[in-house]
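Colleague: missing the sequence, but the structure's below:
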Ligand SMILES: O=P(O)(O)OC[C@H]1O[C@H](O[C@H]2O[C@H](CO)[C@@H](O)[C@H](O)[C@H]2O)[C@H](O)[C@@H](O)[C@@H]1O
């Protein structure tokens, strides 16, 4: 398995041949008790913008969050984003691929919200065309959350599917997928023809790891868990990743770490 530092130093050496696909929660940002409690280090948005400038714009966020939420977190910058696990996208030229919502899904959402309210400690997150039910504050609720979400997925009639994550179960549009989102970005400028490097921390990121490595790129899984992965390297924490990305952002091209 390659070292994450080696992979990131490839970007330093050849920024014009690299493209970077970054997950947010657990990757760029440390995990927090609830979705709203995350802390964005104040220097991070500008560092990402510097990195994007160095790669001629070939930096995308690929996340379970909505695009609107990503924009609020990384303001004032508007990066290319695949949101809701790839169900919605903002392409580099500003065009949107939107996720549609059916009346049936809205009814499922309303019922799920009401039922989740009776589960103390469970956090309901409404993301528009996707829903997350978090049990981080009440881990003993996992089985109840699983059962509720399985029932909700069936009620959508197949238009939405389950996504397991870190102390969370989500309902996401069936046509979503971070791997597909990567393929979409990789087909257009400035991402086209560049070596894809995908960085994430969770099950939902495995799809983009597989696509990036199959395309001759690399993938880094963040965190010290022992979960099987398609990533080519591991790195301990978001803090370590932010430090490495900051160093890539500020070094002139052609300089390695040595
Ligand atoms: O694809 P990502 O950018 O990693 O987003 C995945 C989900 O992340 C968020 O939930 C996770 O992070 C929360 C804040 O640290 C944490 O409280 C929760 O337990 C984690 O599951 C987010 O709330 C979801 O909408 C994203 O899909």
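Modeller: Everything's here; your move. None of these values were measured; they are calculated from a predicted model.
Colleague: report all helices and strands that the helix or strand containing residue 161 contacts.
Modeller: Assigned by DSSP states H and E, residue 161 belongs to strand 160-165. On a contact count with 3 or more Cβ pairs under 8 Å, 6 or more residues apart in numbering; DSSP states H and E, strand 160-165 meets helix 142-155, strand 168-173. For the C-beta atoms, the positions are set from N, CA and C on the backbone; glycine is no exception.
Colleague: which one of these lies closest to the ligand?
Modeller: For those, the distance to the ligand is smallest for strand 168-173, at 3.6 Å, taking Cβ to the nearest ligand atom.
Colleague: in the strand holding residue 161, what's buried?
Modeller: 160-161, 163, 165 (16 or more other Cβ atoms under 10 Å).
Colleague: gap between that strand and the chain center?
Modeller: Centroid separation for strand 160-165 versus its chain: 14 Å, with Cα atoms, centre = their mean, to the nearest Å.
Colleague: let me know which of the helices and strands packed on strand 160-165 is tucked in deepest.
Modeller: strand 168-173 (a mean of 23; mean count of other Cβ atoms under 10 Å).
Colleague: for the helix or strand just after it, name the packing helices and strands.
Modeller: Tracing the chain C-terminally past strand 168-173 and defining elements by DSSP H and E, one meets helix 178-186 next. For helix 178-186, the contact count by 3+ Cβ pairs under 8 Å, 6+ apart identifies strand 18-22, strand 59-62, strand 81-83, strand 88-90, strand 195-200, helix 206-214 as packing neighbours.
Colleague: from the buried residues of strand 160-165, which is closest to the ligand?
Modeller: residue 165 (4.7 Å).
Colleague: who's the closest one bridged to?
Modeller: residue 168 (DSSP bridges).
Colleague: ok, the residue most central in space within the chain to residue 48 distance?
Modeller: In the chain, the residue lying closest to the centroid (Cα atoms, centre = their mean) is residue 63, at 2.4 Å. Separation of residue 63 from residue 48 (Cβ to Cβ, to the nearest Å): 13 Å.
Colleague: now do residue 123
Modeller: On the measure of Cβ to Cβ, residue 123 and residue 48 end up 27 Å apart.
Colleague: just residue 222 next, same as before
Modeller: 16 Å.
Colleague: list the contacts for the nearest residue to residue 176 once chain neighbours are set aside?
Modeller: In this structure, residue 176 finds its nearest non-sequential neighbour in residue 87, 3.7 Å apart by Cβ to Cβ, 6 or more residues apart in numbering. Taking Cβ atoms under 8 Å, 6 or more residues apart in numbering, we find residue 87 in contact with 99, 129-130, 172-173, 175-176.
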